[in-house]
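Asks: The following comprises the amino acid sequence and a computationally predicted model.
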Amino acid sequence: MSIFIRNYKPGPLATLYKANIWRLNSTTAESSVKKDEDEEEFRVLDILKKRDKQQKRIVRRTDIQPDRADRMTENQNWGNVWPGPKTFHPSSVPLPLRQGYVPAGQAPPAKKANAELMKIPNFLHLTPPVIKSQCESLKQFCTEWPTLLNSEEAIEKHYPVEVITSDYCHASPSIRNPLARVVTLRIKLSTLDLDKHARDKFIRLVGDRYDSSTDLVTITADRCPMRAQNLDYVNYLLTACYHEAWNVEEWEKDKTEDDMEYYNWDNNASKKSVVNWYLAKRNEQRDLTEDEYRSYDISVIPNAEGYKSAVSSLMNDGESEETVNNYGKAVRKLLGLPEKMVV
Amino acid sequence: MTSSLLKLASSTTGLTSIVAKCSPVLVSQLHTSAPLCRVVSGKYRITKKRDRPLTYEMANPPHYIAHRKSWNSWNTSSLKDGLRRSETVVEDEFIRRFMTGTWHGLVCSEVIIKRQFNHIRVAAIIRRAVSPTKMYFLLGYSEELLANWLQCPVTLELQTVESFKDVVFKYI
């Protein structure tokens, strides 16, 4: 199209006329005309291609502001300069820091362009004055500690149940941690309202969750996916065990001496023989039933209490030099024999 | 690791180990395979003219990590019983590639990635070769895209230097 116009270039008038005609027919006509006019100037043969050479790019450096640290006053509020956790930035920290390992005699790399300083987590946002002011502002949300709970014993007395859970903080998009579901409940067995039978049954029910040395029952639950469910579950377990301990089943009456978990002197042959011996000593002839033997008050027998504890400890704590000696002494006292002579 | 508030009673420590034994998902597996190319990886050869520039990071070989230089990724996944190990590593690698590609020829140091809870802090040393306007654009662009992909707030904490020569530690 442009070639066609160039061929008919007798005068500006004709060009305009033609252009107008073409403009009716095509949208590209206008640009062709302009190009045409530019080319009217004298063309120079450009052998070295100087015109095509790209203009050299001028590197314009913007003014670099001076360091913020240089303009800082000594009495400024540092908390405003560094309000939160942030990667180290040398121009805002007015400290002559250096970090890096160098051979002896050289200075470590300075704070500028030092990647090591950017790597380590800093606590520039937790300066003592900032912590103080934050604590001051948090005080309004705190309540006073109850005055009666002034010691460990008081806390233990009023809050015997201890629930232990773990919270996990970790760098991840999710705040969930499967281990946070584990709930441990701890309670001193003596704080529960249990009688002799119920206590024995409770210990049998909880099994190895009871530690006799510390008197603590520890119940742990991790079977449910949520902590609240596990908490409910441990509470349920404690409640269920407690009430079950108080139940006396029909078959529990069949418990014989062989089933006893500890040696009870009152139920055993040792008491029977002591009572018989005592009655024979006083020339009383009485036929006692089993229950009467059991409920016989041994405080009337001189030194029988010592004998009872000696036999019980020998049977319960096992045979050792100490228990055997104690037993010997108790027997001598009970029968009124002289003390053992140390040769 | 940055803030591991562990309210763990002494009695439950035994329990966690039991839990870890029971469920293989929660256990840290110990890898005993020897590292490949232990002798040459992460080390630079001395040139004849002694004109190869090294940054501090490059000047210290990998076995000096935690002795002379620290880690480039800070997160809790690498701790014992840490969660999302593989995901964290892949994400970190992705962030590194994205940063070096987006800030093309401008990143003068390693890309440091620190994670705090769900917040990812990306730190790097950048050359002042582009106009501040472009730099601000790239900053917002990288933060926005990374936050969208990783579904976490991402903060770019950059330090600028005049040229690459500012970060050179020594020539070998």
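Replies: Yes, it's here. All values reported here derive from a predicted model rather than from experimental measurement.
Asks: When you work out contacts or count neighbours from here on, use the C-alpha atoms and nothing else.
Replies: Noted.
Asks: any low-confidence regions in chain A?
Replies: Flagging of chain A using pLDDT under 70 yields the residue ranges A:1-39, A:51-55, A:59-62, A:343.
Asks: got the residue ranges for the helices in it?
Replies: Per DSSP state H, chain A carries helices over the ranges A:2-7, A:12-25, A:29-38, A:78-81, A:115-119, A:128-138, A:152-158, A:196-206, A:227-246, A:269-281, A:290-294, A:304-316, A:321-335.
Asks: What of chain B?
Replies: Assigned helices in chain B, in chain order: B:10-22, B:56-59, B:85-102, B:132-150 (criterion: DSSP H).
Asks: Include mean pLDDT, distance to B:Ser41 and mean neighbour count when you put those helices into a markdown table, please.
Replies: Output for those, formatted as a markdown table (pLDDT from 0 to 100; distance: least, Cα to Cα, whole Å; neighbours: other Cα atoms under 10 Å in any protein chain shown):
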| stretch | mean pLDDT | distance to B:Ser41 | mean neighbour count |
| --- | --- | --- | --- |
| helix B:10-22 | 46 | 35 | 13 |
| helix B:56-59 | 92 | 11 | 21 |
| helix B:85-102 | 94 | 18 | 15 |
| helix B:132-150 | 94 | 30 | 14 |
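Asks: Let me have these in TSV, adding distance to B:Phe164 as columns.
Replies: Below are these laid out as TSV (distance: least, Cα to Cα, whole Å):
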stretch	distance to B:Phe164
helix B:10-22	48
helix B:56-59	13
helix B:85-102	14
helix B:132-150	17
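Asks: Figure out which of the helices of chain A is closest to chain B.
Replies: Closest to chain B of these, according to Cα to the nearest Cα: helix A:115-119, at 6.5 Å.
Asks: A:Ala330 is in contact with A:Glu339, correct?
Replies: No - contact status for A:Glu339 versus A:Ala330: not in contact, 10.0 Å apart, counting by Cα atoms under 8 Å.
Asks: okay, those two: which has more neighbours?
Replies: A:Ala330 (22 against 10; other Cα atoms under 10 Å in any protein chain shown).
Asks: dump the residue contacts of the more buried one.
Replies: Taking Cα atoms under 8 Å, 6 or more residues apart in numbering or on different chains, we find A:Ala330 in contact with A:Asn303, A:Gly306, A:Tyr307, A:Ala310.
Asks: count of neighbours near A:Ala240?
Replies: If you count neighbours by other Cα under 10 Å, A:Ala240 ends up with 11.
Asks: roughly how far apart are A:Glu319 and B:Ile95?
Replies: 71 Å (Cα to Cα, to the nearest Å).
Asks: Next: A:Glu339.
Replies: Distance, A:Glu339 to B:Ile95, using Cα to Cα: 89 Å.
Asks: A:Arg68 now?
Replies: Computed as Cα to Cα, the A:Arg68 to B:Ile95 distance reads 30 Å.
Asks: ok so, going back, tell me which of the helices of chain A sits most buried.
Replies: With neighbours taken as mean count of other Cα atoms under 10 Å in any protein chain shown, those reach their highest mean count in helix A:115-119, at a mean of 24.
Asks: what sits up against that one?
Replies: In contact with helix A:115-119 (Cα under 8 Å, 6+ apart) are residues A:87-89, A:99-100, A:111, B:57, B:69-72, B:109-110, B:112, B:114, B:123-125.
Asks: So which residues on the stretch 151-300 of chain A come close to chain B?
Replies: Residues of the stretch 151-300 of chain A lying close to chain B (Cα under 8 Å from any Cα of the partner chain) are A:164-175, A:177, A:179, A:184.
Asks: Of these, which pair is most distant in space?
Replies: Farthest-apart pair in these is A:Pro173 and A:Thr184; separation 27.3 Å (Cα to Cα).
Asks: Of these two, which one has the most company?
Replies: A:Thr184 (22 against 18).
Asks: So that one is in contact with A:Ala228, correct?
Replies: No - taking contacts as Cα under 8 Å, A:Thr184 lies outside contact range of A:Ala228: 12.0 Å.
Asks: just to revisit the earlier point, select from the residues of the stretch 151-300 of chain A next to chain B every entry located in strands.
Replies: Of the positions in those, A:Ile164, A:Thr165, A:Thr184 sit in strands, assigned by DSSP state E.
Asks: Look up which residues are beta-bridged to the last one.
Replies: Read it as A:Thr184. A:Ile164, A:Thr220 (DSSP bridges).
Asks: what residues are up against it?
Replies: A:Val163, A:Ile164, A:Thr165, A:Thr218, A:Ile219, A:Thr220, A:Ala221, A:Val234, B:Thr12.
Asks: Now with 7 Å, please.
Replies: Residues counted as contacts of A:Thr184 (Cα atoms under 7 Å, 6 or more residues apart in numbering or on different chains) are A:Val163, A:Ile164, A:Thr165, A:Thr218, A:Ile219, A:Thr220, A:Ala221.
Asks: do B:Ile113 as well
Replies: Residues in contact with B:Ile113 (Cα under 7 Å, 6+ apart) are B:Asn72, B:Ser73, B:Trp74, B:Ile120, B:Arg121, B:Val122, B:Ala123.
Asks: And residue 106, its phi and psi?
Replies: Looking at chain A here, since you left the chain open. Dihedral pair for A:Gln106: phi -110, psi 160, per degrees, to the nearest 10.
Asks: ah, no, chain B please
Replies: In terms of degrees, to the nearest 10, the main-chain angles of B:Leu106 are phi -110, psi -20.
Asks: count of neighbours near it?
Replies: Residues near B:Leu106, counting by other Cα under 10 Å: 21.
Asks: And B:Lys69, by the same measure?
Replies: For B:Lys69, using other Cα under 10 Å, the count is 24.
Asks: if I look at it, how far off is B:Tyr44?
Replies: Remark: distance between B:Lys69 and B:Tyr44 (Cα to Cα) = 16 Å.
Asks: Also A:Leu334?
Replies: Using Cα to Cα, A:Leu334 is found at 92 Å from B:Tyr44.
Asks: if I look at A:Glu339, how far off is chain B?
Replies: Per Cα to the nearest Cα, to the nearest Å, A:Glu339 is found 49 Å from chain B.
Asks: Just give the nearest non-adjacent residue to that residue, would you?
Replies: Spatial nearest neighbour of A:Glu339, chain neighbours left out: A:Arg332 (6.8 Å); criterion: Cα to Cα, 6 or more residues apart in numbering or on different chains.
Asks: now swap in B:Pro53 and tell me
Replies: B:Tyr171 (4.5 Å).
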